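Engineer: quick one: sequence and predicted model below, then my questions.
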Amino acid sequence: MVFIILELSANVVKLPLTSVDLQNNLVSVKVDKIDVGLSGFIVHKISKEHSVILKNAVVESFNPQTKTATLKLSSYDALRNNSLPNGKWKVEVGDTAILAFGYTRGLLIAPNEEIYYRINRSVKNIQWIHPDLFATILSFNSHPTPLREDFTKFSIATSVGLIFIYLDEKVFTIDARSFKILAISDAKLKQEDVKLPFYTRVQKIETSWWKLWGEGREELKAYEPHYYKLLLEANPNNKTLKQMIKKRGL
């Protein structure tokens, strides 16, 4: 039986900035409730008809007493075009934080075909991007072992906002850009076989003889340890994740 509770809103969240600390790349917004790890960007209006995206943003903390969320800023990297003009605009109070962008599109990482389709069919409000596309991109980049940067680049290229990873009868819902865990749901499924590095109809993710060194170049030897490692690096304080890793003896 699969119980995936996706409490995250599929709607884009738009919030005006209430304070700005450019020295520390932090801004704040007022909101009744929000998940730490939600990602998005900051939009600055330059005229009645025109706006510009200035920064990436990730929810770093939320204070339920003051209803205040703090967002960490970084360089905006989803659109690069040297022919576009570069302005000198800065983030300021009144600009808009747009969060949960792309949360209607997801990529599911599962160990085999049966688990993939059982989970795929249990979540109704997600437009799934097939893992074949991710595997094809990994093959093009000679990465038989997917790295965090591969997920980030895939998210940018396909506008995928959420990554779902199945591990030990749980489904981790992850923001594709921040790789922060947003939810952990039960998925009591029997895992009889494993396809590495994940279920895909692509038979082999290629590498190249001139790219034999560096991270991601070798074929993945085990499913769970690798994805637990990626999750732990981005979520070192998540108690449920740490307990699952400890139980696994990793």
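Structural biologist: Great, that's in hand.

Engineer: use CA for all of it now, contacts and neighbours both
Structural biologist: Fine.

Engineer: what's the following helix or strand after the longest strand along the chain?
Structural biologist: Longest among the strand segments of the chain by residue count, using DSSP state E, is strand 51-63. Later in the chain than strand 51-63, the nearest helix or strand by DSSP states H and E is strand 68-75.

Engineer: from residue 196, how far off is the residue most central in space within the chain?
Structural biologist: Central residue of the chain (Cα atoms, centre = their mean): residue 176, 1.2 Å from the mean position. Distance, residue 176 to residue 196, using Cα to Cα, to the nearest Å: 21 Å.

Engineer: rewinding a little: buried ones in the longest strand of the chain?
Structural biologist: By 16 or more other Cα atoms under 10 Å, the buried positions in strand 51-63 come out as 53-62.

Engineer: need these in JSON lines (columns: distance to residue 120 and pLDDT).
Structural biologist: Converted to JSON lines, the buried residues of strand 51-63 look like this (distance: Cα to Cα, whole Å; pLDDT from 0 to 100):
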{"residue": "53", "distance to residue 120": "33", "pLDDT": "92"}
{"residue": "54", "distance to residue 120": "35", "pLDDT": "93"}
{"residue": "55", "distance to residue 120": "33", "pLDDT": "95"}
{"residue": "56", "distance to residue 120": "29", "pLDDT": "95"}
{"residue": "57", "distance to residue 120": "29", "pLDDT": "97"}
{"residue": "58", "distance to residue 120": "27", "pLDDT": "97"}
{"residue": "59", "distance to residue 120": "27", "pLDDT": "97"}
{"residue": "60", "distance to residue 120": "29", "pLDDT": "97"}
{"residue": "61", "distance to residue 120": "31", "pLDDT": "97"}
{"residue": "62", "distance to residue 120": "31", "pLDDT": "97"}
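
Engineer: tell me the one of those residues nearest residue 46?
Structural biologist: residue 53 (10.4 Å; Cα to Cα).

Engineer: that closest one - nearest residue in space that isn't next to it in sequence?
Structural biologist: residue 43 (4.5 Å; Cα to Cα, 6 or more residues apart in numbering).

Engineer: sec struct for residue 153, please.
Structural biologist: helix (DSSP: H, G, I helix; E, B strand; the rest coil).

Engineer: neighbours around it, how many?
Structural biologist: 17 (other Cα atoms under 10 Å).

Engineer: do the same with residue 23
Structural biologist: 6.

Engineer: could I get the full set of strands for the chain?
Structural biologist: Using DSSP E, strands in the chain cover 2-3, 13-21, 26-30, 39-45, 51-63, 68-75, 96-99, 105-109, 127-128, 162-167, 170-175, 181-187.

Engineer: let's have the ones you listed in JSON lines, adding distance to residue 246.
Structural biologist: Converted to JSON lines, the strands of the chain look like this (distance: least, Cα to Cα, whole Å):
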{"stretch": "strand 2-3", "distance to residue 246": "23"}
{"stretch": "strand 13-21", "distance to residue 246": "36"}
{"stretch": "strand 26-30", "distance to residue 246": "34"}
{"stretch": "strand 39-45", "distance to residue 246": "29"}
{"stretch": "strand 51-63", "distance to residue 246": "26"}
{"stretch": "strand 68-75", "distance to residue 246": "30"}
{"stretch": "strand 96-99", "distance to residue 246": "33"}
{"stretch": "strand 105-109", "distance to residue 246": "22"}
{"stretch": "strand 127-128", "distance to residue 246": "31"}
{"stretch": "strand 162-167", "distance to residue 246": "13"}
{"stretch": "strand 170-175", "distance to residue 246": "15"}
{"stretch": "strand 181-187", "distance to residue 246": "17"}
